[in-house]
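J.: give me a 3D structure for the following:
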Amino acid sequence: EVQLVESGGGLVQAGGSLRLSCAASGFAFDDYAIGWFRQAPGKERDGVSCISSADGSTYYADSVKGRFTMSSDNAKNTVYLQMNSLKPEDTAVYYCAAGCTLIPPPDYWGQGTQVTVSS
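T.: Numbering: from 1, shown residues only. Prediction:
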């Protein structure tokens, strides 16, 4: 059974930090780039970051560049998203996925974890 399980979300004040984790199982983790996406209420789902399985290179959306850091522990089939200097506009449900684009969509999605940043 394919699973992507996010954890680490919660409520934090503006300027604070959170670290999200995504534990993957049931598929060839090393064969996929893994992405973080987020969806705020009433808005479309957007890409946040991506890490390549080939060389560990990372990509970040402009809105999070310099504040978020994505990493991967391939031995644990787990990726992380360290989020610093959080802003209220970062409030969203965060999803990890096996794939980094929305078109075409990722092969697998996690269930999401809520991040709420208070002002």
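J.: show me the contacts for the closest residue in space to residue 112 that isn't next to it in sequence.
T.: Nearest residue to residue 112 in three dimensions, chain neighbours excluded: residue 93, at 4.3 Å (Cβ to Cβ, 6 or more residues apart in numbering). Where C-beta positions appear, they are placed from N, C-alpha and C, glycine not excepted. Taking Cβ atoms under 8 Å, 6 or more residues apart in numbering, we find residue 93 in contact with 38, 39, 40, 112, 113, 114, 115.
J.: same check, this time on residue 110
T.: Contacts for residue 110 were tallied using Cβ under 8 Å, 6+ apart; they are 3, 4, 5, 6, 22, 95, 96, 97.
J.: pLDDT value on it, please?
T.: If you check residue 110, the pLDDT there is 97.
J.: helix, strand or coil for the residue nearest to residue 112?
T.: Classification of residue 93 using DSSP: H, G, I helix; E, B strand; the rest coil returns strand.
J.: returning to what we had before: just the ones of the contacts of residue 93 in strands?
T.: 38, 39, 113, 114, 115 (DSSP state E).
J.: residue 52 versus residue 71, what's the distance?
T.: Going from residue 71 to residue 52 by Cβ to Cβ, to the nearest Å gives 12 Å.
J.: just residue 79 next, same as before
T.: In terms of Cβ to Cβ, residue 79 sits 11 Å off from residue 52.
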